[in-house]
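Undergrad: Could you look at this predicted model? Sequence included:
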Amino acid sequence: MKIRLLHKACSIILIISMLLLVQSALAQSSIEGQTATQQEQEQQKQKQAPSGLANGKEAAHQEAGLQETDLSSERNYSEALAAWRAEGIKEAQSAAAVDAGGPLQVSDPNALYIGSHAGRSNLLLWKSARKEWVEYEIDAPESALYEIHVTYHPFTDNGSTTPILWDIAIDGSRPFAEASSIALYRTWQDARPILTNRDGDEIRPRSKDVSSWSTKALVDSTGGYSEPLKWYFAKGKHTLRIAGYEGAALERIELVPAKAVPSYEEALAIYPVASSMQGAAQTLQAEDFTYKNDTSIKLFSDRNPRTVPRAKGRITYNTVGGARWSEQNQEVIWTFTAPESGNYTIGFRALQNTIAQKTSFRTVRIDGEVPFQQFLAYPFPYSASWQGILLEDNSSNPYYVYLEKGEHTLSLTSTHAPVKPVIRGIQQFSELLDTIDWDLRALVGNVVDRNRTWVMERDYPDLPERMLDIAEQMEQLAVEVKIINGVKDSISQGLDTAAKDIRSLLRKPEEIPYNVEEISSIREKLNLFIDSLLKQGLQLDEVYIIPEGGKKPDMEASAWNSFWGGLENFYYSFDSRDSITKLNDDKLNIWVQRGRDYVDQLQQLADEWFTPETGIEVKVNLLANPELLLMSNAAGVQPDIALGLTQDLPVDLAIRGSLQNLSEFAGFDDLYEQFSPGSWLPLYYDGAHYGVPETQSFQVLFYREDILKRLGIEVPQTWDEVYQILPTLQQNYMNFYINPLQFSHFFYQNNVEFYEPNGLQTAMDKPEAFHAFKQWTDLFNTYAIEPEVPSFYQHFRDGTMPIGISDYNMYVQLSAAAPELNDRWKIANMPGTVQPDGSISRWAGGGQRTGVIFKQSRKQEEAWKFLQWWLSADVQQQYGADLEAVNGIAFRWNTSNVEAFTRLPWKKEDAEVILNQWKWYKDIPNVPGGYYLDRETNNAWVRTVISKVNYRSSLEQAVRDINRELYRKQEEFGFIDAAGNRLKNLDIPVVDRPWEGIDRYVE
């Protein structure tokens, strides 16, 4: 169906082009005939293509592994499994194995070699920061479906917090798309006992990697399947290739028969006969779990009066999970002892309120095994408040598990398996609507002409039928979502609404070409549903092991406890120990505009390191709103230091006389050399530096390597090369992404400074500036780049925007939440502009967070010592490592200290790209009234791209408006007089050469 629609879409585009040369009727006839022939050829190819794996080995192996294909062109696991079963392929009854110490070949013998580790020998030691691969020959005893089990030991001394992700190929190809993202997880343990700070607040414990030898089945890293993946091997010898980045010691790889999971009735029938037990339920505090497989799973403080232990006005980590236990395959394991052999049921005190009316699912395992099918994906329904949940069937009959007397483990693992078909359905709707969107844009053009009359029977004859089919399928999927979820939620309602919107368009088919944007809007809303479906939040306070016949515990607060607890919480709310207005004269007061996790981690590090070294005590407080800095200045209540401020605030505060000139401190020159010159530009004002760079983002090119290879596209190095790849992308219903609000790189790469050297007026009225502005707006007006994209991340994942420019946040998102794209995406330097000497200018900003010292501080020397300590490479590295150990890769610290950056666990290839781009880092200076530059430049873009105003007149208007505001502010702050005469200059530094200081870190 997809191929047929693709060829139909291509034929329509060709028809529009031919209309410019020949008569419409002749062109349409010609193209339709060609399309029919292509469809017949494609159908014939599909009939000839086998569904099973090829038996022959690939003759030649590439360094990267295997020929890459787009995810959308590979069948998924469920499709492959269904095809194998349709061909009569049975489950394996016998096993096979190969020692990891005997590979056929490896990509780099210096990175993958035979050795010993953790008490075992003849191992493959995989030690590399780059992508490597290893191949094994394995002899399958029968043609059947097997599970692949691996005995491995992750390295725990390399600072990595991510799971081991592999790309698996059998005889040179992947059997299904999910094979590109196979996960082996680490084992983590939270430090105990939980420490407290001086105020009595508990400090969130660090996670320690306690991984040891284990044998695990290969699973899908996206959590789309509750059981291990099955792999088809024909009888005989095969080449198994494993490719990946993360290091580990490998001992053995096995093909084993899958262990069938019985139904509850089947499991119950084989339980030993056990007498009823009258003992009390065993209560486990959920936050005291034994292990977890992801550092992102965190403890949380809850103030509910029934939650144990009670949080009495202080941060008390008494629960686990919530929004930070919602991603795929995240597992928590508890250890408990069964006092007697017999049947037990399991209960939880749970809060599941992450997304309204949405059910979360968990795989329940006892001693590492799922006891029966009903525990493969057990539903935890939405509830706005804490509730007691017993694992039971739809008739409220409890599920029992038989336990022998002694120690056991219980685990819950987040799974997306029940909603996987829904996600796939939404993705298919999005693809179909995207095809229709492109067809209509090819038909209508960039500008919708409402004076033109459309006849759909002639212009787009099958459109109504296609849209009606989509609407009907959406309505059916909405019903399925309600069944899976148990109640109607925002997803099922959204699908129904989308179907109604499509039916509304179909009431007047001839007006559909006027409403192309509405179809795009429907598609974007559908894509947002996927993010909601993937969130499987669950927060736990207690776990109950209840013997059959035993009394169920009270799992919810009584009315009296709720009332009394509410009064206590109201009383605790008046505790002012955390109030930022209560400054401690005996300590260095620091306000931090970041989340609580960052604040607590900094306080802990300062207590452990800075205070013992210097004798200076530190009090770190959370700054919820930067506007408090301006108000505190007026009130005379200011901290000594503020951290985490956006890069515009230091100059904004300095203009008002609030900040201390950091250039006056001893050692500033040495500190200055540690950071790129372009990062100091926004922090310089009137001959002085008023802030220091703390963290720094970066603008780089993200691209889907698999898709670009399939399309035959090279990674563009210049903007001219970007223009060259756009037709290929758009002919395949894809596009390039640019954030329309980011514009500095266009000007800087064309050698345009935003202000005159004296800083009193903008320099955007130069010929080079008009050229840069035209280059920026032409990308949207001439080259048809999308001006509005709600989520580049989602488009990048589904392949509709396989290349684009984004920043650090995109990198972290992909690393933390898109394991299915393992080794399919990469980054490259920002496309640049060729200079007259042939070099490529890659100037780009990115944004940074900064630190300042306040002028009213009576501890300025102590504050300067703290900033020097805080910005040092050792401290930045330790802080980044601690953050990631506690919170996972989603909290990767983007330090502005280059040496510390090189010590953090970045992929080597990615680090080299970022470092090479870093030398071109250059942000916009801040001057009085400078806020107008960003505002009016974006207004000029809107006029030119949205309202189609001539680019030159639009930018000229922006220049006039910017200069008017600059003059007004300069008069206010004494740079010019009322007549406009210059009294003094701002003297903005000029950065026109890449930073050479970074060269020693770049290979």
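TA: Looks like it came in fine. Numbers count the residues shown, from 1 in each chain.
Undergrad: name the element the residue positioned nearest the centre of the chain belongs to?
TA: Relative to the mean C-alpha position of the chain, the nearest C-alpha, by CA atoms, centre = their mean, is the one of residue 813, at 1.5 Å. In this assignment (DSSP states H and E), residue 813 forms part of helix 808-817.
Undergrad: Give the buried residues for that helix.
TA: Using 16 or more other CB atoms under 10 Å as the test for burial, helix 808-817 gives 808, 810, 811, 812, 813, 814, 815, 816, 817. The C-beta positions use only the backbone N, C-alpha and C, and glycine is treated the same way.
Undergrad: C-alpha coordinates for that helix, CSV please?
TA: C-alpha atoms of helix 808-817 as CSV (Å, rounded to 0.1, in the frame of the first residue of the first chain):
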residue,chain,number,x,y,z
TYR,A,808,22.7,19.7,23.2
ASN,A,809,19.1,19.0,24.3
MET,A,810,18.5,17.1,21.1
TYR,A,811,21.6,15.0,21.7
VAL,A,812,20.6,14.1,25.2
GLN,A,813,17.0,13.2,24.1
LEU,A,814,18.3,10.9,21.4
SER,A,815,20.8,9.3,23.7
ALA,A,816,18.4,8.8,26.5
ALA,A,817,15.0,8.1,24.9
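Undergrad: Could you identify the helix or strand that succeeds that helix?
TA: That would be, after helix 808-817 and using DSSP H and E, strand 825-828.
Undergrad: partners of that next one, with directions?
TA: Next to strand 825-828 in the sheet, as set by DSSP bridges, lie strand 700-704 (antiparallel).
Undergrad: what are the ranges of the helices in the stretch 351-500 of the chain?
TA: 420-444, 456-459, 463-485, 490-506 (DSSP state H, counting those that start in this stretch).
Undergrad: Now mean neighbour count and mean pLDDT too, for those, in TSV please.
TA: Converted to TSV, these look like this (neighbours: other CB atoms under 10 Å; pLDDT from 0 to 100):
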stretch	mean neighbour count	mean pLDDT
helix 420-444	20	88
helix 456-459	14	87
helix 463-485	17	95
helix 490-506	19	95
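Undergrad: Minimum distance to residue 530: which of those has it?
TA: Closest approach to residue 530 among the helices of the stretch 351-500 of the chain (CB to CB): helix 420-444, 5.6 Å.
Undergrad: Next, report how far the closest one is displaced from the centre of its chain.
TA: Once both centres are worked out by CA atoms, centre = their mean, to the nearest Å, helix 420-444 turns out to sit 23 Å from its chain's centre.
Undergrad: Who are the packing partners of it?
TA: Counting contacts by 3 or more CB pairs under 8 Å, 6 or more residues apart in numbering; DSSP states H and E, the secondary-structure elements packed against helix 420-444 are helix 2-18, helix 463-485, helix 490-506, helix 516-534, helix 792-798.
Undergrad: Report the inter-axis angle for it versus helix 516-534.
TA: With axes from the mean of the first three to the mean of the last three CA atoms, to 10 degrees applied, the angle from helix 420-444 to helix 516-534 works out at 160 degrees.
Undergrad: What is the burial count for residue 790?
TA: Taking other CB atoms under 10 Å as the criterion, the count of residues near residue 790 is 12.
Undergrad: got it, and the one 4 residues further on?
TA: Other residues near residue 794 come to 19 when the count uses other CB under 10 Å.
Undergrad: And the host helix or strand of residue 242, what's buried?
TA: Remark: residue 242 resides in strand 236-244, with elements defined by DSSP H and E. Along strand 236-244, the positions that meet the burial threshold by neighbour count (16+ other CB under 10 Å) are 238, 239, 240, 241, 242, 243, 244.
Undergrad: how much space between the closest residue to the fourth one other than its chain neighbours and residue 84?
TA: The reference is to residue 241. Counting by CB to CB, 6 or more residues apart in numbering, the nearest residue to residue 241 once its immediate chain neighbours are dropped is residue 169, at 4.4 Å. As defined by CB to CB, to the nearest Å, residue 169 lies at a distance of 17 Å from residue 84.
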